[in-house]
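Colleague: model the structure of this input:
(chains A, B, C and D)
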Protein chains: 2
Amino acid sequence: MNIGAAAERTCLPPKTIRYYEDIGLVAAPRDANGYRAFGAAELHKLAFLGRARTLGFTIEDCRTLLALWEDKRRSSENVKRVAEVHLKAIEQKIAMLQSLKQTLSDLVENCAGDERPECPILDDLAGKRI
Amino acid sequence: MNIGAAAERTCLPPKTIRYYEDIGLVAAPRDANGYRAFGAAELHKLAFLGRARTLGFTIEDCRTLLALWEDKRRSSENVKRVAEVHLKAIEQKIAMLQSLKQTLSDLVENCAGDERPECPILDDLAGKRI
DNA sequence: GGTGGGGCTTCCAGTTAGTGGAAGGTCAAG
DNA sequence: CTTGACCTTCCACTAACTGGAAGCCCCACC
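Modeller: Numbering: from 1, shown residues only, chains lettered A, B, ... in the order given. A predicted model of the protein is given here:
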């Protein structure tokens, strides 16, 4: 299967698949003409990567998870640790964004949003606290 | 005031201040020796930028907001629009992260996390839905 | 057999918002 | 006069791709 078909099956752009090969995540063997030939194994790895990426794991996380996935003697403990660290990071990001949202929506609410120049948003940015 | 002092006052690293000059956000005049000389105006702009960045505005948003801030004939409507778009983006990001967190914490919860190789996290990534 | 269009290859450059480091000029203290 | 801290510029690197150019390759159509 050529890269275009593999891209369609895995919902990853061809560019991304080539990039994953570049950084050593998934290598497909080549046909005589130099085209990449994707088999079931490569498709599975790509799908694995796609899912892991949509779950927000970094590429380096993916590398680790892929290695664990391939290691039949792995312990689930290792996988769980990676996932838990990632989960903590997500929770922190959510908390940060929520406090950000609070501040920003307060500012937006207090702004008239009309033709006049007075603007509490700019005042806040400039450091004049209300 | 030299860049080091300006950095301390504005809580921005010197590198960042130089970068902001590079991309045309804030330019400080120079002393005879070539050192940047920061006055009150530049410090205010830098503080404005620092605050806007911690609120998650992009550099391009900052450029717009800075221009509006300097324009005494601005209408607060324009500012509010920028802030509202940003707020919407934040809300979307929060929603995405929360659904992510849900999925991931479900997976983590179902993983034994011991020395056995069975792992629902990897199963999910591989596409075997529980 | 030639041609056209699409798909494939590689490589280079750009994205965001800085950060790290090297090479060299400047300043104030001892 | 030297030392160390500070300043300057410039280049390279980060994450995870994405866009585009130049050049093969394959297949269908005439």
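Colleague: and the angle for the lengthiest helix in chain A with helix B:76-110?
Modeller: In chain A, taking DSSP state H as the definition, the longest helix is helix A:76-110. In this structure, helix A:76-110 runs at an angle of 160 degrees to helix B:76-110, with axes from the mean of the first three to the mean of the last three C-alpha atoms, to 10 degrees as the basis.
Colleague: ok, now which ones touch the spatially most central residue of chain A?
Modeller: Centre of chain A computed as the mean C-alpha position; nearest residue by C-alpha atoms, centre = their mean is residue A:56, 3.8 Å away. With C-beta atoms under 8 Å, 6 or more residues apart in numbering or on different chains as the criterion, the residues that contact residue A:56 are A:86, A:90, B:97, B:100, B:104. (Glycine included, C-beta is placed from N, CA and C.)
Colleague: wait, a strand at it?
Modeller: No. The assignment for residue A:56 by DSSP: H, G, I helix; E, B strand; the rest coil gives coil, which leaves it out of any strand.
Colleague: how about the residue lying farthest from the centre of chain A, nearest residue that isn't a chain neighbour?
Modeller: Distance from the centre of chain A peaks at residue A:116, with 41.6 Å (C-alpha atoms, centre = their mean). Sequence neighbours aside, residue B:76 is the residue nearest to residue A:116 in space, at 5.9 Å (criterion: C-beta to C-beta, 6 or more residues apart in numbering or on different chains).
Colleague: could you measure from the one you found over to DNA strand C?
Modeller: 23 Å (C-beta to the nearest atom of the strand, to the nearest Å).
Colleague: and that residue, how far is that from residue A:60?
Modeller: 44 Å (C-beta to C-beta, to the nearest Å).
Colleague: repeat that for residue A:110.
Modeller: If you go by C-beta to C-beta, the gap between residue A:110 and residue A:60 works out to 43 Å.
Colleague: just give the number of residues close to residue A:23.
Modeller: By the other C-beta atoms under 10 Å in any protein chain shown criterion, the neighbourhood of residue A:23 contains 11 residues.
Colleague: now swap in residue A:25 and tell me
Modeller: Residue A:25 has 17 neighbours, counted by other C-beta under 10 Å.
Colleague: quick one: residues contacting residue A:90.
Modeller: Under the criterion of C-beta under 8 Å, 6+ apart, the contact partners of residue A:90 comprise A:56, B:97, B:100, B:101, B:104.
Colleague: how confident was the prediction at the spatially closest residue to the second one that is not a sequence neighbour?
Modeller: So that's residue B:97. Ranked by C-beta to C-beta, 6+ apart and with sequence neighbours excluded, the top spatial neighbour of residue B:97 is residue A:94, at 4.9 Å. The model reports residue A:94 with a pLDDT of 89.
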